[in-house]
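*Asks:* What would the 3D arrangement of this be:
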Amino acid sequence: MGDSEHSSSGDTFVDSREVTSRESKVKFSDDEETLIIRMYNLVGERWALIAGRIPGRTAKEIEEYWNTRCSTSE
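*Replies:* Modelled structure (predicted):
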(Lines give C-alpha, C1' and ligand atoms only; values in the text may rest on other atoms or scores of the structure.)
Protein backbone atom coordinates (compact mmCIF):
# COMPACT_ATOMS: atom_id res chain seq x y z
CA MET A 1 0.00 0.00 0.00
CA GLY A 2 2.71 2.47 0.94
CA ASP A 3 4.53 1.96 -2.36
CA SER A 4 1.54 2.75 -4.57
CA GLU A 5 0.71 5.89 -2.56
CA HIS A 6 4.30 7.09 -2.83
CA SER A 7 4.63 6.62 -6.59
CA SER A 8 1.28 8.26 -7.39
CA SER A 9 2.22 11.27 -5.23
CA GLY A 10 5.57 11.54 -7.00
CA ASP A 11 3.98 11.37 -10.44
CA THR A 12 1.49 14.09 -9.61
CA PHE A 13 4.18 16.39 -8.23
CA VAL A 14 6.48 16.03 -11.25
CA ASP A 15 3.63 16.44 -13.73
CA SER A 16 2.24 19.62 -12.15
CA ARG A 17 5.74 21.06 -11.85
CA GLU A 18 6.46 20.46 -15.54
CA VAL A 19 3.20 22.13 -16.57
CA THR A 20 3.89 25.16 -14.35
CA SER A 21 7.43 25.45 -15.67
CA ARG A 22 6.31 25.23 -19.29
CA GLU A 23 3.52 27.81 -18.81
CA SER A 24 5.88 30.32 -17.22
CA LYS A 25 8.27 30.01 -20.14
CA VAL A 26 5.58 30.62 -22.72
CA LYS A 27 3.96 33.66 -21.08
CA PHE A 28 5.52 36.93 -22.10
CA SER A 29 4.25 40.45 -21.50
CA ASP A 30 3.29 42.69 -24.42
CA ASP A 31 6.43 44.76 -23.81
CA GLU A 32 8.61 41.63 -23.89
CA GLU A 33 6.98 40.45 -27.14
CA THR A 34 7.53 43.85 -28.76
CA LEU A 35 11.16 43.89 -27.66
CA ILE A 36 11.75 40.34 -28.92
CA ILE A 37 10.30 41.22 -32.33
CA ARG A 38 12.37 44.41 -32.59
CA MET A 39 15.55 42.70 -31.47
CA TYR A 40 14.97 39.76 -33.81
CA ASN A 41 14.62 42.18 -36.72
CA LEU A 42 17.91 43.81 -35.72
CA VAL A 43 20.09 40.84 -34.76
CA GLY A 44 18.31 37.74 -36.03
CA GLU A 45 18.49 34.48 -34.08
CA ARG A 46 21.00 35.70 -31.49
CA TRP A 47 18.85 34.50 -28.61
CA ALA A 48 21.44 35.20 -25.91
CA LEU A 49 21.78 38.80 -27.06
CA ILE A 50 18.00 39.24 -27.05
CA ALA A 51 17.68 37.56 -23.64
CA GLY A 52 20.30 39.94 -22.26
CA ARG A 53 17.86 42.79 -22.85
CA ILE A 54 15.00 41.10 -20.96
CA PRO A 55 15.69 40.63 -17.23
CA GLY A 56 14.89 37.16 -15.95
CA ARG A 57 14.67 35.51 -19.37
CA THR A 58 17.09 32.98 -20.82
CA ALA A 59 18.13 32.49 -24.42
CA LYS A 60 16.36 29.13 -24.40
CA GLU A 61 13.09 30.73 -23.26
CA ILE A 62 13.31 33.39 -25.97
CA GLU A 63 14.07 30.84 -28.68
CA GLU A 64 11.26 28.54 -27.49
CA TYR A 65 8.83 31.47 -27.48
CA TRP A 66 9.91 32.55 -30.96
CA ASN A 67 9.66 29.04 -32.42
CA THR A 68 6.21 28.57 -30.89
CA ARG A 69 5.08 31.94 -32.19
CA CYS A 70 6.41 31.34 -35.69
CA SER A 71 4.97 27.83 -36.01
CA THR A 72 1.45 29.12 -35.22
CA SER A 73 1.81 32.04 -37.66
CA GLU A 74 2.72 29.95 -40.69
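
*Asks:* Secondary structure class of Arg57, three-state.
*Replies:* coil (DSSP: H, G, I helix; E, B strand; the rest coil).

*Asks:* Got the phi and psi for it?
*Replies:* Arg57 adopts backbone torsions of phi -110, psi 140, taken as degrees, to the nearest 10.

*Asks:* what's the next secondary structure element after the helix or strand bottoming out on mean pLDDT in the chain?
*Replies:* In the chain, no helix or strand scores lower on mean pLDDT, DSSP states H and E than helix 2-26, which sits at a mean of 47. Downstream of helix 2-26, the next assigned helix or strand under DSSP states H and E is helix 30-43.

*Asks:* For that following helix, name the packing helices and strands.
*Replies:* Secondary structure elements in contact with helix 30-43, counted by 3 or more C-beta pairs under 8 Å, 6 or more residues apart in numbering; DSSP states H and E, are helix 47-51, helix 59-73. No exception for glycine: its C-beta is placed from N, CA and C like everyone else's.

*Asks:* angle of it against helix 59-73?
*Replies:* 90 degrees (axes from the mean of the first three to the mean of the last three C-alpha atoms, to 10 degrees).

*Asks:* returning to that earlier point: ranked by average pLDDT, which of the helices and strands packed on helix 30-43 falls at the bottom?
*Replies:* For these, mean pLDDT drops lowest on helix 59-73, to a mean of 84.

*Asks:* Could you give me the buried positions within that one?
*Replies:* Using 16 or more other C-beta atoms under 10 Å as the test for burial, helix 59-73 gives Glu61, Ile62, Tyr65, Trp66.

*Asks:* go on, stretch 50-58?
*Replies:* Of all the residues in stretch 50-58, those buried under the rule 16+ other C-beta under 10 Å are Ile50, Ala51, Ile54, Arg57.

*Asks:* try stretch 27-45
*Replies:* Across stretch 27-45, burial judged by 16+ other C-beta under 10 Å covers Phe28, Glu32, Leu35, Ile36, Met39, Tyr40.

*Asks:* quick one: least confident of these?
*Replies:* Lowest in pLDDT among the buried residues of stretch 27-45 is Phe28, which has 92.

*Asks:* Good, we can wrap up now.
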